[in-house]
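Following is a predicted model, sequence given first.
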Amino acid sequence: MSAAPSPAVAEPGVAPWVDPSRVAAGGVLWRGRLPGGKRLFLAAAVLVGVPFFLAGQSWYTSAATAFTETAEEMEARASGGNALRQLAFLTLGGCGVWCLARDRRQRPRPRPAWWSPRVPGGKFASLLREWAGVAQRAHPVAWALALYLGWCFASVLWSHEPGQTVRKLVVLGCWTAGSLGVARALSPRRIVWLGVSLPALYLAIGVLAELSLGTFRPWSGDYRFAGTMHPNTQGLTLASMVAGAFVLWRSERRAAGRSRRRGIGVGWLPALIAAGALFTLLTKSRTSTAGLVLCLGLLTAIAVPPRWRLAAAVGGGAFGGLFLLIALSLGADPLGGALDAATLGRKEQISSLTGRHEIWAEVGRFMDRRPLVGYGYDTFWTPEHVAIVSENCGWGLREAHSAYRDVLLSVGKIGLWLLVPALLWGWFAAVRRYAAGERRAEGRPGAPGVGVGEPLAGYVAGLLAVGLLNAFTESAMSMVLFTPFLICCGLAKLYVFPQETVSPLRGLPQPGPARSEPAAHGTE
């Protein structure tokens, strides 16, 4: 038997050899107290959470009249921007570009001499070669969305305010680069966790803000929970949190059942779902509540076997009919109670959708002037247009209260025709992928052998269902806000970077022979 090798003594000026077992066992100490993946997730949470908090949130929102700015404040905001917000978005965009510029191969393959990074221009040529492969593998959904982005950037050519369009396009570019960088750097599961943890943090900050201002009165009949953002936007953000928590809970519960141990999220994820649903109801945002019900119903219908769907439909119809018959026989008014429940107690101006018909009629006059190309990306709401629309409608306005109409005002019918079919296509593909993953996980027949992104596919399917419904009566989905950012991250991960995860935080070099083919960087 050979003797055990003696510890190697490092020569002067030579770095000592690092034992891989020490790196595996003491990785927390070697990598700065947190593993690289967790550090990357925390960095992404900060870089994403801060800009979107500065963009659309304020500590004093719940104390503002109607939770919004006055017409004068909207005009002032339309004429300029927040320097801190601009810096935060530039930082997000710069970090996104940095993640996109990283080589996905830890050990580059042998290349010709002119292709080497050591040759002037070789690093850029290598990056172009890699991105050509990414573009070749991208799903057609990604190309359809890229056409819409290209149309937005081309709108500066016919914009009625080119300077404002350029500023808005810089923000859009940073927003897009940040979402692509997050999609490339994080795994599918961590993207979903990002969509759960940040809204939960926003919710906690919002509750603290209302408690400090004395506006947290859920027992009051006219109370609407706002936190640090408008109740309608708060409801949309909470719906994204509930959707992510739901798909993660199903995944954690299944993993706990297979390993016969309690998963990390099996206990507290249902509590987070319940809290998100409760505060969504407290916002009294009818569109967000309807979107949340649609999202959970869709994800549940996909997850359960077909026979249970049929049984639930038949049983629900029979129970509903029996309840209606009993209520009518007792002289009650179930339709009035149902209307009150559906409107969350807000029956005022229900026939005009809280004044939206007047807004849509007013902005419709402007849409008729430029129906095909619009006024330039996010450029219609200049101080002059804000003043005109606000005066004619009788209250301060800086949005059309419909994302579809805001898109028409920005990039016209051509832009809308490019965007909506692409989103519907992405939603349908995500639903199919999530359904295939559920069939495969449950061992049902007919499941394909390949697929990526579960539970991310379910998260994207649920978010798109909420967003497409919300876009009928709210403008949040047409803005560079948090929930559209999450949708963009999910779509990019599913249809642009499905098989790779590139961390800009380099770990310790691992000893061993160089590999000719890199290991796949995929899902966790």
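Sure, I can see it. Since this is a predicted model, take the numbers as computed values, not measurements.

rest of the way, CA atoms for contacts and neighbours
OK.

what bits of the chain have low per-residue confidence?
In the predicted model, the chain carries pLDDT under 70 at residues 1-36, 69-82, 103-126, 255-266, 305-355, 396, 441-453, 499-524.

Which residue ranges of it form strands?
Assigned by DSSP state E, the chain shows no strands.

out of all of them, which helix in it is the longest?
If you go by DSSP state H, the chain has its longest helix at helix 403-442.

Tell me which residues of it come out buried.
For helix 403-442, burial by neighbour count (16 or more other C-alpha atoms under 10 Å) applies to 403-416, 418-420, 422-424, 426-427, 429-440.

Check stretch 373-387 too.
Quick answer for stretch 373-387 (16+ other C-alpha under 10 Å): 373-383, 385-387.

same check, this time on stretch 44-53
Within stretch 44-53, the residues that qualify as buried are 44, 45, 47, 48, 49, 51, 52, 53, counting by 16+ other C-alpha under 10 Å.

List the contacts of the closest residue to residue 168 other than its chain neighbours.
With C-alpha to C-alpha, 6 or more residues apart in numbering as the criterion, residue 168 has its nearest non-adjacent residue at 6.6 Å, and that residue is residue 378. By C-alpha atoms under 8 Å, 6 or more residues apart in numbering, residue 378 lies in contact with 165, 168, 406, 409, 410.

The fourth one against residue 374, yeah?
Spelled out, that is residue 409. Yes: contact criterion C-alpha atoms under 8 Å: residue 409 and residue 374 qualify, at 5.0 Å.

Next, show the common contact partners of those two.
residue 367.

tally of neighbours for residue 486?
23 (other C-alpha atoms under 10 Å).

Also the one 4 residues further on?
The local packing count at residue 490 equals 30, with neighbours defined by other C-alpha under 10 Å.

Repeat that for residue 492.
Applying other C-alpha under 10 Å, we find 24 residues neighbouring residue 492.

Same check on residue 188?
29.

now do residue 201
Counted with other C-alpha under 10 Å, residues neighbouring residue 201 total 11.

Now do the contacts for the residue nearest to residue 90 when sequence neighbours are not counted.
Using C-alpha to C-alpha, 6+ apart and skipping residues adjacent in sequence, the residue nearest residue 90 is residue 174, 6.0 Å away. Residues in contact with residue 174 (C-alpha under 8 Å, 6+ apart) are 89, 90, 92, 93, 94, 96.

can you tell me how far residue 174 sits from residue 483?
Computed with C-alpha to C-alpha, to the nearest Å, the distance linking residue 174 and residue 483 is 16 Å.

For residue 86, see how far away the residue nearest to residue 168 is.
Residue 378 is 16 Å from residue 86, where distance means C-alpha to C-alpha.

in the stretch 301-450 of the chain, which spans are helices?
Using DSSP state H, counting those that start in this stretch, the helices of the stretch 301-450 of the chain run over residues 306-329, 334-342, 356-367, 383-393, 403-442.

Quick check: chain neighbours aside, which residue is closest to residue 370?
residue 412 (7.0 Å).

Verify the contact between residue 360 and residue 399 for me.
No: judged on C-alpha under 8 Å, residue 360 makes no contact with residue 399 at a distance of 10.2 Å.

Pick out whichever of the two has more residues nearby.
residue 399 (20 against 15).

Skip the chain neighbours and tell me the closest residue to that one.
Closest residue to residue 399 apart from its sequence neighbours, by C-alpha to C-alpha, 6+ apart: residue 475 at 6.5 Å.

Could you give the number of residues near the one you found?
Residues near residue 475, counting by other C-alpha under 10 Å, number 21.

what's the spacing between it and residue 378?
12 Å.

circling back: pipe the buried residues of stretch 373-387 into CSV and attach distance to residue 269 per row.
Converted to CSV, the buried residues of stretch 373-387 look like this (distance: C-alpha to C-alpha, whole Å):
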residue, distance to residue 269
373, 45
374, 44
375, 44
376, 43
377, 39
378, 37
379, 41
380, 42
381, 40
382, 43
383, 45
385, 45
386, 43
387, 46
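
closest to residue 290 among these?
Nearest to residue 290 among the buried residues of stretch 373-387, counting by C-alpha to C-alpha, is residue 378 at 27.3 Å.

Quick check: phi and psi at that closest one.
Dihedral angles of residue 378 (phi, psi; degrees, to the nearest 10) stand at phi 50, psi 40.

Residue 434 touches residue 454, doesn't it?
Yes: the criterion here is C-alpha under 8 Å, and residue 434 meets it with residue 454 at 6.1 Å.

Spatially nearest residue to residue 413 (excluding sequence neighbours)?
Nearest non-adjacent residue to residue 413, counting by C-alpha to C-alpha, 6+ apart: residue 372, 4.8 Å away.

how many neighbours does that neighbour have?
By the criterion of other C-alpha under 10 Å, residue 372 has 17 neighbours.

residues contacting it?
The contact partners of residue 372, taken as C-alpha under 8 Å, 6+ apart, are 411, 412, 413, 414.

For residue 415, see how far away it is.
Computed with C-alpha to C-alpha, the distance linking residue 372 and residue 415 is 8 Å.

So residue 399 versus residue 38, what's the distance?
Here the distance between residue 399 and residue 38 works out to 38 Å (C-alpha to C-alpha).

The longest helix of the chain packs against which elements?
On a contact count with 3 or more C-alpha pairs under 8 Å, 6 or more residues apart in numbering; DSSP states H and E, helix 403-442 meets helix 140-154, helix 286-303, helix 356-367, helix 456-470.

Now do that helix and helix 286-303, the angle between them.
Here the directions of helix 403-442 and helix 286-303 differ by 20 degrees (axes from the mean of the first three to the mean of the last three C-alpha atoms, to 10 degrees).

how many degrees apart are helix 403-442 and helix 456-470 in direction?
150 degrees.

the helices in the stretch 151-300 of the chain, which residues?
162-185, 188-213, 231-259, 269-283, 286-303.

Looking at these, spot the one closest to residue 395.
Closest to residue 395 of these is helix 231-259 (C-alpha to C-alpha; 17.3 Å).

Which neighbouring elements make contact with that closest one?
So helix 231-259, by 3+ C-alpha pairs under 8 Å, 6+ apart, packs with helix 188-213, helix 269-283, helix 286-303, helix 456-470, helix 482-495.

Of all these, which one is nearest residue 133?
helix 482-495 (13.5 Å).

tell me what that closest one is packed against?
With 3+ C-alpha pairs under 8 Å, 6+ apart as the test, helix 482-495 has helix 140-154, helix 162-185, helix 188-213, helix 231-259, helix 456-470 packed against it.

One more pass at 7 Å, please.
Applying 3 or more C-alpha pairs under 7 Å, 6 or more residues apart in numbering; DSSP states H and E, we find helix 482-495 packed against helix 162-185, helix 456-470.

out of these, nearest to residue 365?
Per C-alpha to C-alpha, nearest to residue 365 of the helices and strands packed on helix 482-495: helix 162-185, 21.3 Å.

hmm, who's touching stretch 209-228?
Around stretch 209-228, the neighbours that count as contacts under C-alpha atoms under 7 Å, 6 or more residues apart in numbering are 57-63, 203, 206-207, 231, 234, 282-284.

from those, which would you call buried?
Among the contacts of stretch 209-228, the ones that count as buried by 16+ other C-alpha under 10 Å are 57, 59-63, 203, 206-207, 231, 234, 282-284.

Pick the one among these closest to residue 157.
Using C-alpha to C-alpha, the buried ones among the contacts of stretch 209-228 come closest to residue 157 at residue 57, 32.2 Å.

what about that closest one, distance to residue 142?
From residue 57 to residue 142 the distance is 30 Å (C-alpha to C-alpha).

And residue 496, by the same measure?
Distance from residue 496 to residue 142, by C-alpha to C-alpha: 6 Å.

For these two, indicate the residue with more neighbours.
Each of residue 496 and residue 142 has its neighbours counted (other C-alpha under 10 Å); residue 496 has more, 24 against 18.

Report the separation between residue 210 and residue 178.
Applying C-alpha to C-alpha to residue 210 and residue 178 gives a distance of 31 Å.

Which residue of those two possesses the greater neighbour count?
Between residue 210 and residue 178, counted using other C-alpha under 10 Å, the more crowded position is residue 178 (30 against 21).
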